[in-house]
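Visitor: here is my input, please return the structure:
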Amino acid sequence: MALHWKLVVDCADPNGLAAFWAAALGYEVEDHDAFIGQLMGVGAVGAEDVVEVAGRRAWRGLAAVRHPDDPFDAERGMGLGRRILFHAVPEPKRGKNRLHIDVHAAAGERDAEVARLEGLGASVLRVVTEHGGGHVTMTDPEGNEFDVQ
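Guide: Next comes the predicted model:
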């Protein structure tokens, strides 16, 4: 049986990275406002656990993005398909990623996609040409590497 999974990214600012990756991938930031409200209503969550983002309550230490075509739990706002969860951790990023995302631009559009991502806050780390092809290695606003093919 195949397992359901999500990619989890440790970071300092989950809501900021969720906004970046939602714009970068064309995904949607998950809306947990109603679920947070339910939990606050029964005293399971306190004001210290939430922040306001774009006019709605969001988790202080967690945020996620989901593919807009995949199913989601409307009551909880949680994606049930392709999603990336951003989790706040106290320590800073150290060293090179051991896992990274590859973004595939349309044929002939890699440079335009790199420019668009730079406009969202990404930075070019290096251009790699190897084995008859290549990619651009970039970093997101917190320094996490990803490649644009």
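Visitor: can you give me the strands for this protein?
Guide: 7-11, 28-29, 50-53, 56-59, 62-66, 72-73, 78-79, 83-88, 101-103, 123-130, 133-139, 145-148 (DSSP state E).
Visitor: most tightly surrounded among these?
Guide: Highest mean neighbour count among the strands of the chain (mean count of other C-beta atoms under 10 Å): strand 62-66, with a mean of 24. Where C-beta positions appear, they are placed from N, C-alpha and C, glycine not excepted.
Visitor: give me the sheet partners of that strand and which way each runs.
Guide: Paired neighbours of strand 62-66 in the sheet (DSSP bridges): strand 28-29 (antiparallel), strand 83-88 (antiparallel).
Visitor: could you dump it to CSV, C-alpha only?
Guide: Only the C-alpha atoms of strand 62-66 are listed here, as CSV (Å, rounded to 0.1, in the frame of the first residue of the first chain):
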residue,chain,number,x,y,z
LEU,A,62,3.4,26.0,11.4
ALA,A,63,2.2,26.9,8.0
ALA,A,64,1.6,24.8,4.9
VAL,A,65,0.9,25.1,1.2
ARG,A,66,-1.1,22.7,-1.0
